[in-house]
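Visitor: pasting the sequence and the predicted model now:
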Amino acid sequence: MAIAAVRSAQLADVDDIVRIQSVTWRAAYTGLVPDEAIAQLDGPQARQAWTDAVAAAVSDGTPGGNAFHVLVATEGEWTVGFCAAAGYRGEGGTIAEVSTLLVEPRWGRRGHGGRLLA
């Protein structure tokens with residue numbers, strides 16, 4: 001049985017993140033979203049956006065501060081999914097936002113999405 005895990009994304013994971021987003025969106029949205037939009041998901045602008053997001057994914061280090069995270073799900077040696085999430089603390093309380101959570105379709109139904117969400 002392969003070992004499944006979740007860890008913080010590193011810059012070396014950007015190619016896998018771009019691949020997973022492109023493959024997942026092609027499977028889910030082809031015919032619903034313009035082909036030109038889907039084609040941009042693995043282009044240089046998408047790669048740069050994810051590089052910037054992974055590089056910025058840190059807590060600001062202050063008590064009660066904000067945090068942004070990019071996490072990847074792995075199964076054995078394979079990167080199979082990812083999640084981008086943020087937490088915000090303010091006068092009104094604490095909120096969390098999951099902006100993206102994707103698992104490559106061929107790795108679905110194995111608990112990776114739940115692990116990323118947790």
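Guide: Alright, I've got the coordinates.
Visitor: give me the number of residues near R89?
Guide: Neighbour count of R89, defined by other CB atoms under 10 Å: 14. Every residue, glycine included, has its C-beta placed from N, CA and C.
Visitor: can you tell me the SS state at it?
Guide: Counting by DSSP: H, G, I helix; E, B strand; the rest coil, the backbone at R89 sits in strand.
Visitor: over to D15?
Guide: Secondary structure, three-state DSSP: D15 is helix.
Visitor: now the strands for this structure?
Guide: With strands called from DSSP state E, the chain shows them at 4-8, 67-75, 78-90, 93-103.
Visitor: out of these, nearest to I38?
Guide: For the strands of the chain, the distance to I38 is smallest for strand 93-103, at 13.7 Å, taking CB to CB.
Visitor: tell me which residues in that closest one are buried?
Guide: 100-103 (16 or more other CB atoms under 10 Å).
Visitor: now do stretch 10-20
Guide: Going by neighbour count (16+ other CB under 10 Å), the buried part of stretch 10-20 is 13-14, 16-18, 20.
Visitor: dump these to a markdown table, plus pLDDT.
Guide: Listed next are these as a markdown table, based on pLDDT from 0 to 100:
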| residue | pLDDT |
| --- | --- |
| D13 | 97 |
| V14 | 97 |
| D16 | 97 |
| I17 | 98 |
| V18 | 97 |
| I20 | 97 |
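Visitor: which one among those gets closest to V6?
Guide: Using CB to CB, D13 comes nearest to V6 of these, at 12.0 Å.
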